[in-house]
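>>> Sequence and predicted structure are below.
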Amino acid sequence: MSEHRVYLFIKITDGLITAITTLLALYIGYRFLMLLAGPVFGITDQTTKLLYPVHFNVEEEGVAEFSGRELPVKIAKAKAFALIESPTPEWLLIPVKLIRFSIFGFIIWILLLLRQLVRSVKKGDPFNMKNGNRLRWIGFSILIIGIFDFFHDILLNIFITPRLSFESIIPKSTIHFNLSLLLVAMIIIVIGEAFRIGAEMKEEQELTV
Amino acid sequence: MGIRINLDVMMAKSKISLGDLAERVGITQANLSILKTEKAKAVRFSTLEKICKELGCQPGDILEYETDGKNINV
């Protein structure tokens, strides 16, 4: 790829990240204000619905067709979204929403760090200490998102799932830790450390007479 | 505390400018300035050898180990 194309690609990436970050920040800011105005301060009667995923067992049988042959298929597990209509009790709604807002806050933080990283690439000086630290923060933020997501699952499965009752399905408690997030976070932290060491070596090389 | 560079003293004794010395040693004036202002993290033996040759001195005349106000020549 020519230098001009690379520069254009970086410029487009920078613009995209900026646009996504701005839109996400505006949306989350609006939702947060609604949370403050509604369930927290009671100024408005803004709806306080709570949507969350529910896992349950089903027994559904069907067939799948492969080159004219029909094979039996069973659906054993399913995932759906439960919507608790307002007013959801504040003691439940506020912690769940705060965890979700924190996760979005970290996503915005990661996007801002990513934007700074892209801008340093645009300047032609990506291998520096600051970028090493940025990558490290991105890695730790992803790790924190994983932990918050885990607590979010715990909160929902302890306080909501046992209270649900439907005619035909029995919701299951499913608490899981997102291992792929942990893996991604670890890889980024390691790359960040490599950047920091590389930046140190580069500085030493530059200051060798 | 640390390594002090006495390049400016030796240059004054030899009455040679930074530009001239850089040219004779074969490094850039900016790099020699880094050494002179003690910003350098490492000095190649080859550079040190050429500087000593041009200034007619020993490495210890240029580099000086300083600890707690005491100067110890290396």
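Noted; the coordinates are in hand.
>>> In contact with A:Ile170, which residues are there?
Contacts for A:Ile170 (C-beta atoms under 8 Å, 6 or more residues apart in numbering or on different chains) come out as A:56-57. Using the backbone N, CA and C atoms, a C-beta is placed for each residue, glycine as well.
>>> For chain A, which residues are neighbours of chain B?
Counting by C-beta under 8 Å from any C-beta of the partner chain, the residues of chain A close to chain B are A:203-204, A:207-209.
>>> could you flag which of those residues are buried?
By neighbour count, with 16 or more other C-beta atoms under 10 Å in any protein chain shown, those hold A:Val209 as buried.
>>> Now stretch A:193-209: buried residues?
Residues of stretch A:193-209 classed as buried by neighbour count (16+ other C-beta under 10 Å): A:195-196, A:198-199, A:209.
>>> what's the closest non-adjacent residue to A:Ile169?
A:Phe56 (4.4 Å; C-beta to C-beta, 6 or more residues apart in numbering or on different chains).
>>> List the beta-bridge partners for that neighbour.
Counting by DSSP bridges, A:Phe56 is bridged to A:Ala78, A:Pro171.
>>> right, and A:Glu85 touches A:Lys49 too?
Yes: A:Glu85 is within contact range of A:Lys49, at 5.9 Å (criterion: C-beta atoms under 8 Å).
>>> all helices of the chain, in order?
Unless you meant another one, I'm taking chain A. Assigned by DSSP state H, chain A shows helices spanning A:3-35, A:90-123, A:129-159, A:179-206.
>>> To clarify, I was referring to chain B.
Using DSSP H, the helices of chain B run over B:7-14, B:18-25, B:29-36, B:45-55, B:59-62.
>>> circling back: okay, the residues of chain A next to chain B in TSV with pLDDT next?
Below are these laid out as TSV (pLDDT from 0 to 100):
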residue	pLDDT
A:Glu203	86
A:Glu204	86
A:Leu207	88
A:Thr208	89
A:Val209	86
